[in-house]
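Chemist: Can you look at this prediction? I've put the sequence above it.
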Amino acid sequence: MAHISLEDVALDFPIYGSQRSFRHELVKRATGGFIRRSKESGGHVVVRALDSINLEIGHGDRIGLIGHNGAGKTTLLKVLARIYHPTEGSAVINGRVSTLFNILPGLDMDDTGYETIRTCGMFLGMSSTEIDRKTPEIVAFSELGDFLGLPVRTYSSGMMVRLGFAIATSIDPEILILDEGLGAGDARFAERAKQRVDDLVERTSILILASHSDALIQSMCNRAALLHGGRIIALGDVDEVIERYHHLNSEAAAAQ
Amino acid sequence: MTSITNIAVSDVLDGVGNWRLWGRMGWAEVRRRYRRTLIGPFWSSLSLGFFVGTMGFLYAALWNQAPESYLPFLCSGMISWVLVSGLVTEGCSTFITNSGLLTQTSFNFSLLACAQVWRSLITFAHNLAIYVLMAAALSVPLRPETLLLLPGLVIIAVNGVWAAVLFGMICARYRDVQQVVSSLLQVAMFVTPVFWAPEQLGHRGQYLSNFNVLFHLVDLIRSPLLGQAPALLSYAVGVVMAIVGSAFTFWLFRKLRCRVVYWL
């Protein structure tokens, strides 16, 4: 059963500027800077992107993440996707995770559409038989027809999006992580894409969606979390949390 | 087991175990170089062959050696050197070049190392064609010892994987190291007995061969190609390096696995 449990999670990004180079490291060690460095956990400039995050997510949860740019939404999503490991606290994530951050991993522009389906499928963690089973459906959804036998570099950007989207949404994750809605192709495709994401969400145990669109969060989520300065300042009912977010916004506007 | 140990262990098991994907990634890189060219990666093999062909005659004349024995020695030495040094230099950029993948998806680091070693082995197979042509032309004997090429390649591949992970992590953090390593290797090519045999330097040559791990790795491939068995010492060094290197790298990998992504 898919389950996520975050306990007192904090995440510091180390920022390396010129001090990234070996020279400074050596010079520091030679000049006694070493002691200062060791005192303050490395002495690098760090940015605390997440702080004291506590979150329990279970089967059936559809969590909407809201907050300003830089509030920590994407960082939190990356922790949930097991890309970043928290600096402090513990993150237990059980279940097959899928993100649509990078929909065409391992893309080679000279590969044909069919080869791309196989490569990307493997990168996304599908087994060979799973890819074989899914290919007809991906082919059908992408509506690329004979183009799938041609190198991907001959595709228009819209066709590329259709292919990537068809592959990425064919997987069966237990935990689905989405950052913003998916901008996809022309109007007709956008409609079909929406239907397809809905189907994907339907068969997913847990959904986590970060978005600036109230309507999207309201239509897809049953819980919401408001992030501010790397902390969750409100968690619970979608409408209440959105309310709180707007309140925060008007406070900020008034302060200016 | 603590959680960072779990992460590191499963990275290695899943990454190395997913041979379908790293096999495909290694091939993809080679196929990319074949695209729309007649002989693709053979161009670099050809330039290697051209180098060996000209320098071989030059050095043979300089050192009063018979070209028909010196040329196979130089050619086998060069293709072995290109493999060994390539594993190190490309290992430095294993993670840097895949930063997009590593920061966008949860991906096994060890898988990237395997893909890279596999690609180097495929390139080696291309270069080997040059040697086979030369060996056939100069009728270098094919002996049972030639089969020792395979265990040699296995030892080198294992060393290549840990080197890719180790150097990949260090170079992601300290970008200068890549430059340091490539300049050191450039000098090492001349200092290591690749162009010359250790015996030519007398007892001083022993220092540059016996205490030089690169020489032993080269020996594991070169000697079988020349129809000779590699020195027992070379096997010992190669195997000990594989074990100690893997253990050390895993120790460091366990500590850094969760940090590397912040350095990319």
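Modeler: Ah, there it is. Numbering: from 1, shown residues only, chains lettered A, B, ... in the order given.

Chemist: nearest spatial neighbour of residue 130, skipping sequence neighbours?
Modeler: Because you didn't say which chain, this covers chain A. In this structure, A:Glu130 finds its nearest non-sequential neighbour in A:Gly121, 7.3 Å apart by C-beta to C-beta, 6 or more residues apart in numbering or on different chains. Where C-beta positions appear, they are placed from N, C-alpha and C, glycine not excepted.

Chemist: Switch to chain B, please.
Modeler: B:Gly49 (4.1 Å).

Chemist: Where does the one you found sit: helix, strand or coil?
Modeler: Three-state call for B:Gly49 (DSSP: H, G, I helix; E, B strand; the rest coil): helix.

Chemist: list the contacts for the residue of the stretch 151-256 of chain A found nearest chain B?
Modeler: Taking C-beta to the nearest C-beta, chain B has its nearest neighbour within the stretch 151-256 of chain A at A:Pro151, 9.2 Å off. Residues near A:Pro151 by C-beta atoms under 8 Å, 6 or more residues apart in numbering or on different chains: A:109-112.

Chemist: which residues sit in contact with the residue in the stretch 101-250 of chain A that chain B sits nearest to?
Modeler: Per C-beta to the nearest C-beta, A:Asn102 is where the stretch 101-250 of chain A lies closest to chain B, at 3.8 Å. By C-beta under 8 Å, 6+ apart, the contact list for A:Asn102 reads B:100-101, B:104-105.

Chemist: did I read that right, it in a strand?
Modeler: No: counting by three-state DSSP, A:Asn102 is not part of a strand but coil.

Chemist: separation between A:Pro14 and B:Tyr174?
Modeler: Taking C-beta to C-beta, to the nearest Å as the measure, A:Pro14 falls 13 Å from B:Tyr174.

Chemist: for B:Ser183, same thing?
Modeler: Counting by C-beta to C-beta, the gap from B:Ser183 to B:Tyr174 is 15 Å.

Chemist: do the same with A:Gly229
Modeler: Counting by C-beta to C-beta - A:Gly229 and B:Tyr174 are separated by 32 Å.

Chemist: Over to A:Gln256?
Modeler: For A:Gln256 relative to B:Tyr174 (C-beta to C-beta), the value is 43 Å.

Chemist: So for those two, which residue has more residues nearby?
Modeler: B:Tyr174 (18 against 4; other C-beta atoms under 10 Å in any protein chain shown).

Chemist: Give me the pLDDT value at that one.
Modeler: For B:Tyr174, the pLDDT comes out at 90.

Chemist: contacting residues around B:Tyr70?
Modeler: B:56, B:59-60, B:63.

Chemist: which parts of the helix or strand harbouring it are buried?
Modeler: In the assignment (DSSP states H and E), B:Tyr70 maps to helix B:67-92. By neighbour count on 16 or more other C-beta atoms under 10 Å in any protein chain shown, the buried set for helix B:67-92 is B:70-88, B:90-92.

Chemist: How about stretch A:52-62?
Modeler: A:53, A:55, A:57, A:61-62.

Chemist: can you tell me how far B:Arg175 sits from A:Gly106?
Modeler: Applying C-beta to C-beta to B:Arg175 and A:Gly106 gives a distance of 25 Å.

Chemist: ok, the two, which is more surrounded?
Modeler: Higher neighbour count among B:Arg175 and A:Gly106: A:Gly106, with 20 against 16, using other C-beta under 10 Å.

Chemist: How is that one assigned, secondary-structure-wise?
Modeler: Of the three states, A:Gly106 takes coil under three-state DSSP.

Chemist: I'd say it and A:Gly121 touch.
Modeler: No: A:Gly106 is not in contact with A:Gly121 according to C-beta atoms under 8 Å; the separation is 9.7 Å.

Chemist: one step back: between the contacts of A:Pro151, which is nearest A:Arg82?
Modeler: Nearest to A:Arg82, judged by C-beta to C-beta, of the contacts of A:Pro151 is A:Asp111 at 27.5 Å.

Chemist: Residue 201 - nearest residue in space that isn't next to it in sequence?
Modeler: Since no chain was named, I'll use chain A. Leaving aside its sequence neighbours, A:Val201 sits nearest to A:Leu207 (C-beta to C-beta, 6+ apart; 5.3 Å).

Chemist: not what I meant, chain B
Modeler: B:Leu208 (6.8 Å).

Chemist: For residue 100, which residues are in contact?
Modeler: Unless you meant another one, I'm taking chain A. So A:Leu100 contacts A:168-169, A:177-179, A:182 (C-beta under 8 Å, 6+ apart).

Chemist: My question was about chain B, not that one.
Modeler: Contacts of B:Gly100 (C-beta under 8 Å, 6+ apart): A:Asn102.

Chemist: what do you get if the cut-off is 6 Å, keeping everything else the same?
Modeler: Listed by C-beta atoms under 6 Å, 6 or more residues apart in numbering or on different chains, B:Gly100 has no contact partners.

Chemist: B:Ile155 too?
Modeler: Applying C-beta under 6 Å, 6+ apart to B:Ile155 gives the contacts B:220, B:238, B:242.

Chemist: The helix or strand harbouring the first one: which residues count as buried?
Modeler: What that stands for is B:Leu220. Here B:Leu220, judged by DSSP H and E, is contained in helix B:213-225. Residues B:213-225 are the ones in helix B:213-225 that count as buried (16+ other C-beta under 10 Å).

Chemist: What residue in the stretch 151-264 of chain B comes nearest to chain A?
Modeler: Closest point on the stretch 151-264 of chain B to chain A, by C-beta to the nearest C-beta, is B:Cys258, at 3.4 Å.
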